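Chemist: What follows is a predicted structure for the sequence shown.
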Amino acid sequence: MAEPRAPGPLVYSIAAHRGFADALVAGLVPRYREEGFGLARLTLLVPSSRAARTLTEAFIRHSGASGEGGLLMPRMIAVGDLDLDEKLGAALDPLGATDMPPACDPVRRWLTLDRLIAEERAGEGMTPLPGRARLNLAREMARTMDRLLVEEKAVEDLLGDAVLDQMGNLAEHWQRSIHLFGRVNIRWQMELDQRGEVDAATRRNLLFDHAARRWKDTPPPHPIITAGVTSASPALARLLRVVAELPQGAVVLPDLDLAMDAAAWDELGLAGASAEPGGPVFGADDAVTHPQYHLKLLLNRMGVNRAEVQPWHRRGIAAADPARSRAISSLFLPPQASRSWSTLEPKDRRLDGVRLLASAKIEEEAQAIALLVRQALEVPEKRIAVVTADRGLARRVAQHCERWHIAADDSAGRPLALTPAGRLFGLLAEIAANGPDPANLVAAFGHPLVRSWDGAVRGDWLKGLRAFDRELRGPSPAPGMEPLREAAAEAKIADWWEEAEALVTPITDWPHEIALAEALSRLSAVAESFARTAVWEREDGRALGQLVEELRGQAEALGTVIETADLAGALRDAMEAVAVRPGYGGHPRVAIYGLLEARMARADLVICGGLNEGSWPQPPGADALLAPAVLRALGVPGAEFRIGLSAHDLAGAMGAPEVVLSRSLRDAEGPTLPSRFLLRVEALLGEDLDKEHRELTIPAILPHLDRQRPPADPYPRPAPDPAPHLRNVPIRVTALDRLLGDPYQFYAQAILGLKRLDPLAADPFSDPALRGTLVHEILDGWHKAKASQPGLALAPFAAVWFAAKRVHPLFRALWQPRLIAALERFEGWIAAAEAEGHTVLATEISGEMEVDGVKVMGRADRIDRLADGTLAIVDYKTGTVPTKKQVEKGFALQLGLLGLIAERGKFADTKTGQVVQGTAREFEYWSFKKDDGSFGKRETPMKVGNAKSGLTPEAFLPHHIDKLHLAIREYIKGRTPFRARENPDYKGYTDYDQLMRLEEWLVRLTEKDTPA
């Protein structure tokens, strides 16, 4: 039973080295335990449900260590951590508070603010914001409103003299933001009054004040202890003051520095206590980033002097040496007081048990932390906590721990948008917002939850999806379902696509705007058709279901409408704000915490990871609506206040018996800067840092953790020599230059049959093959149509062709004008040639011949009959035109080989039966590059007219037949290896560079190895 105590507030502080939770329990149990009741009559006010769980575990440990068979636990009431989006405990909320107005729904407030912002901006003649940006602004405005309400600031305070005095010094954008915030806030308060509601933060303040009045007027008959609460909101501070003065009440603070001298304490600044009546309560020079600042602010608002705070003398199970607290106090001294470092005694800078670990990159840091965890688990009963603000690092650590079957879930959770259920819902929203894009469509169809209720059903589903995926590789098809339907038909999966199309049809072709509630209903129904109930199962599914139901209900009541294009982004932002925390079942001695979750937690080994600027501490996010000067004038702490909270979190973590402070020199974005807190640790340790405090064991083990295989022999330059029967393959006219220039590419393509796998939704306007295909189809179709329509103009025909082919809009906008301009020039050239007696014999016609027992085949873009009866071969080029020098070296032989086929073989159209044979005399490239200021140019690879280079017409075809004989003799009928990069002058493709492992051997080529 608690003993009577002297009047006045009773406030304790548990030093960092004692371990808050275990030390608190060690003191509470002997003082408040009653025979037959245990601690059942004790009430603990704790900051959050996470803190309640931490204390529950501490009570269990104490009971086990003391040999007690069991213990009746105290009643724990969470005051509700706003940062964790928690509500007040049930015991505080219904405490005779039925006469208080109810709190408004936060989702309703968010959507209402979105509407009010749009109306106010329209009333001021401002440019309308996109839906997603407006919703984000509404979310930010709600956050700012809560920030002011917690500090008990009303919208009328924005019209106070202190704020108005600052307005003239603010930039114009700040003035606009404050005016918008004020107008929207006033209208919102009017709507609240009409509905008889208040903001949740306001109701929270009212409940605190109600409890404080009731307990002050009628003190509870049983003890009430506030433990670990550090929030300095005025209403909560008043409640803590009342609790501290109750006959059986006390307030226990974590890590309040009672050893700091008065000068250093004063250097922290005003901290809520004005120097004179009516003066500012926050100074511009306040040390808001100091770990003790928020505790000083709390004490000032409680009306408690630091000298009244008593030290808690009980130690926890995982307590450290008392010298640790003295060193932590010295470590975080404010600027002027830190000058005493030069005269500190060794006992005041001792950090025994603290090690520093630096890794080259974040992946290596995660592996090192996981190895530290694995090493510590070898000690029986040793508890390990990994604390980091970097959730990416936390996920990496958990994954590395799995290699030893250590289940270490991140208690801070993952954003809903990154969970399986959130990913599926987000993909469906992307399809609804942006149409059935191949990448999103394939990702949605292949999601792990889709058809997951039956393994055989999912296997058949994925078989069809793989064929569909393969067919869609390459340039993006035109928008709409018809191109996808055609792709499915080409892949011979029409039945599969019929089922797939039925799934996505409800989320395609939505109007420009849609009711948000209707959109969510459609998405939910489609998600269920994809995955049945699996989308709502497990922690992430339940969180998604709750979010959808809350948002849908309020959106339907308010009639919220959203632009379809903004739907996916808005839902993703909403899901990012929801943290999905894992259930129980992880390793009992390993925990991974975020900074909020780690408060009050304690372990034998605490590993603080990600100690870099931008991570710990995270950059303070400036308020988007109220300027810092306005916040100071209102008496509201600035954004830098959170840096002090991060510093306090580190100070508390450093109180463990063993501590490892870890950072990486690089993260995913580049080089990193060490945390300002870590730099202080290094400076405090001085020369002792490298002698005693560097973690050396883990970095030494890491290189051997994943044992590297013995170095392989240098990879030789590939020169495959397939058997004769494998070499006997046809030669395409477009492949002979590849065979002579880089035989390995020919080997990979013609003998191995390997083709490049294009990405999904490839860039539509940068692909030369797409341009070439379209141009060839247009010209071929135009020539064939002219047979029945002699006067058909090419430009209108091409425009109709573009529309009929449903070409991607981006490609069409960039390339159609220049292509049609060049085609019109082509049309003029053809008309002029016809006037000279030339005739277009065939277009897009295939031909073949046999040389030395090898089939040579190709397709001619166009073959003309000249006036003298000879032939002209025309090749359309939408890309680079081969040079005459390339033709001479044998690296551009297509035109000549087509001429040889006409002379020695034949071209035949299997549909019409047309056959073209004869002697080819002219060879031309018709390209789309500019010439004389217009698109379209004609070039010949031969030396004719005034040309100074190139092969003469007499030598042109003999040159090609010689090259063909050489290739057949050496490679197709011979045994010459298909050596990679045989001729370095050949500018071939790079599709097979990885297959030939080019970078492994190219650097080793010497002058002797390089062919002449």
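Modeler: Nice, I can see it.

Chemist: give me the low-pLDDT residue ranges for the stretch 701-850 of the chain?
Modeler: 707-708, 762-771, 805-808, 810 (pLDDT under 70).

Chemist: could you show me where the helices are in it, in order?
Modeler: Per DSSP state H, counting those that start in this stretch, the stretch 701-850 of the chain has helices spanning 724-727, 736-741, 743-746, 768-786, 794-804, 809-835. These are given in chain order.

Chemist: So for R204, which of the ones you listed sits nearest?
Modeler: Minimum separation from R204 across the helices of the stretch 701-850 of the chain (Cβ to Cβ) falls at helix 809-835, 51.6 Å. From N, CA and C alone the C-beta is placed, and that goes for glycine too.

Chemist: From the geometric centre of this structure, which residue sits farthest away?
Modeler: Relative to the C-alpha centroid of the chain, counting by Cα atoms, centre = their mean, D868 is the outermost residue, at 67.6 Å.

Chemist: in stretch 537-545, what's buried?
Modeler: Taking 16 or more other Cβ atoms under 10 Å as the neighbour-count basis, stretch 537-545 is seen to contain the buried residues 538-541, 543-544.

Chemist: what separates the residue most central in space within the chain from Y876, distance-wise?
Modeler: Relative to the mean C-alpha position of the chain, the nearest C-alpha, by Cα atoms, centre = their mean, is the one of L418, at 8.5 Å. Relative to Y876, L418 is positioned 48 Å away (Cβ to Cβ, to the nearest Å).

Chemist: One more: P102?
Modeler: In this structure, P102 and Y876 are separated by 74 Å, where distance is defined by Cβ to Cβ.

Chemist: ok, these two, which is more surrounded?
Modeler: It is Y876, of P102 and Y876, that has more neighbours when counted by other Cβ atoms under 10 Å, with 21 against 12.

Chemist: Which parts of the stretch 551-700 of the chain are strands?
Modeler: Assignment of strands within the stretch 551-700 of the chain using DSSP state E, counting those that start in this stretch yields the ranges 561-563, 579-580, 590-593, 605-609, 658-664, 666-667, 670-671.

Chemist: In a markdown table: these, plus distance to I225, mean neighbour count and mean pLDDT.
Modeler: Written out in a markdown table, the entries for those read as follows (distance: least, Cβ to Cβ, whole Å; neighbours: other Cβ atoms under 10 Å; pLDDT from 0 to 100):
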| stretch | distance to I225 | mean neighbour count | mean pLDDT |
| --- | --- | --- | --- |
| strand 561-563 | 48 | 18 | 94 |
| strand 579-580 | 29 | 19 | 90 |
| strand 590-593 | 24 | 25 | 92 |
| strand 605-609 | 25 | 27 | 96 |
| strand 658-664 | 28 | 24 | 96 |
| strand 666-667 | 42 | 18 | 90 |
| strand 670-671 | 47 | 8 | 92 |
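
Chemist: Would you mind putting the ones you listed into a markdown table with distance to E119 alongside?
Modeler: Formatted as a markdown table, the strands of the stretch 551-700 of the chain follow (distance: least, Cβ to Cβ, whole Å):
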| stretch | distance to E119 |
| --- | --- |
| strand 561-563 | 13 |
| strand 579-580 | 32 |
| strand 590-593 | 43 |
| strand 605-609 | 47 |
| strand 658-664 | 48 |
| strand 666-667 | 43 |
| strand 670-671 | 44 |
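
Chemist: Which one, of those, ends up nearest to L71?
Modeler: Among the strands of the stretch 551-700 of the chain, if distance is taken as Cβ to Cβ, the winner is strand 590-593, at 22.5 Å.

Chemist: what separates that closest one from the chain centre, distance-wise?
Modeler: The offset between the C-alpha centroid of strand 590-593 and the centroid of the whole chain comes to 23 Å, using Cα atoms, centre = their mean, to the nearest Å.

Chemist: before we move on, the earlier item: so for V79, which of the helices of the stretch 701-850 of the chain sits nearest?
Modeler: When those are compared by Cβ to Cβ, helix 809-835 sits nearest V79, at 55.0 Å.

Chemist: for that closest one, which positions count as buried?
Modeler: Across helix 809-835, burial judged by 16+ other Cβ under 10 Å covers 811-812, 815-816, 819-820, 822-827, 830, 833.

Chemist: Check which helices and strands that helix is in contact with.
Modeler: Helix 809-835 sits against helix 768-786, helix 794-804, strand 920-931, strand 934-939, with contacts defined as 3 or more Cβ pairs under 8 Å, 6 or more residues apart in numbering; DSSP states H and E.

Chemist: how does it look with 10 Å?
Modeler: Here helix 809-835 touches helix 768-786, helix 794-804, strand 839-851, strand 854-865, strand 871-877, strand 920-931, strand 934-939, going by 3 or more Cβ pairs under 10 Å, 6 or more residues apart in numbering; DSSP states H and E.

Chemist: hey, where'd the helices end up in the stretch 301-450 of the chain?
Modeler: Taking DSSP H, counting those that start in this stretch as the criterion, the stretch 301-450 of the chain contains helices spanning 323-331, 362-376, 391-401, 420-434, 438-445.

Chemist: So what angle separates the directions of the shortest one and helix 420-434?
Modeler: Right, helix 438-445. If you take axes from the mean of the first three to the mean of the last three Cα atoms, to 10 degrees, helix 438-445 sits at 140 degrees to helix 420-434.
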